[in-house]
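Undergrad: take a look and give me a structure for this.
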Amino acid sequence: MSIANNPNLVGYLKYPAPSSDGSFAICIANGEGDAFWKSIPEEYRPVLDKHGAGMQVETILSGNMTAIGSVFLPFLLKNKETGERMRYILRAIVLPGLFMPMFISGNERSVVEQAAYSGREGPVFTLKCGDGTCPVQGQ
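TA: All right, here's what the predicted structure looks like:
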């Protein structure tokens, strides 16, 4: 459970709407949006799998929120070591009304293996990538 309203990582859509740079806020925190999913141009929008519809996700500010399904969402993150954008795909639960466009759980079952915070550079998150890990630069 988390408030899920403090962004600390930026993701980028590979195919954003023409009026957008494709960036979106991601919150990585302990714990487990509809408007964000709908903002992806329809021809690139991931198909909503309604199999998980009705699942309850508990949040501190909004109490229980009900999922309308899930999607496999491809997006780009900045690799800390190379500075290049890399493609990452997550199964995302779609929750109407979630404060952040995307929320990634930082618990023990998460794709987040490690989080390190330093003064000037900001946070660095080590994410599971295939058989290894990838460090990504937070904000």
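
Undergrad: low-confidence bits of the chain, can you list those?
TA: For the chain, the stretches with pLDDT under 70 are 1-8, 27-34, 99-110, 113, 118-119, 139.

Undergrad: show me what counts as buried in stretch 57-64.
TA: Neighbour-count burial for stretch 57-64 flags Val57, Thr59 (criterion: 16 or more other Cβ atoms under 10 Å). Any C-beta I mention is one placed from the backbone N, CA and C, and that applies to glycine too.

Undergrad: which residue ranges of the protein form strands?
TA: Taking DSSP state E to define them, one finds strands in the chain at 9-12, 23-29, 56-59, 63-66, 69-78, 85-94, 102-105, 112-116, 124-129, 132-137.

Undergrad: among the ones you listed, which is nearest Asp49?
TA: strand 69-78 (5.2 Å; Cβ to Cβ).

Undergrad: now for that closest one, which elements pack on it?
TA: Secondary-structure packing of strand 69-78 (3 or more Cβ pairs under 8 Å, 6 or more residues apart in numbering; DSSP states H and E): strand 9-12, strand 85-94, strand 132-137.

Undergrad: okay, it in PDB with CA atoms only?
TA: C-alpha atoms of strand 69-78 as PDB (Å, rounded to 0.1, in the frame of the first residue of the first chain):
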ATOM      1  CA  GLY A  69      -7.900  -5.000 -16.600                       C
ATOM      2  CA  SER A  70      -4.200  -5.000 -17.500                       C
ATOM      3  CA  VAL A  71      -1.900  -4.300 -20.500                       C
ATOM      4  CA  PHE A  72       1.600  -5.300 -21.600                       C
ATOM      5  CA  LEU A  73       3.000  -1.700 -21.800                       C
ATOM      6  CA  PRO A  74       6.300  -1.100 -23.700                       C
ATOM      7  CA  PHE A  75       8.100   2.100 -22.800                       C
ATOM      8  CA  LEU A  76      11.500   3.600 -22.800                       C
ATOM      9  CA  LEU A  77      13.800   4.400 -19.800                       C
ATOM     10  CA  LYS A  78      17.200   6.100 -19.700                       C
END
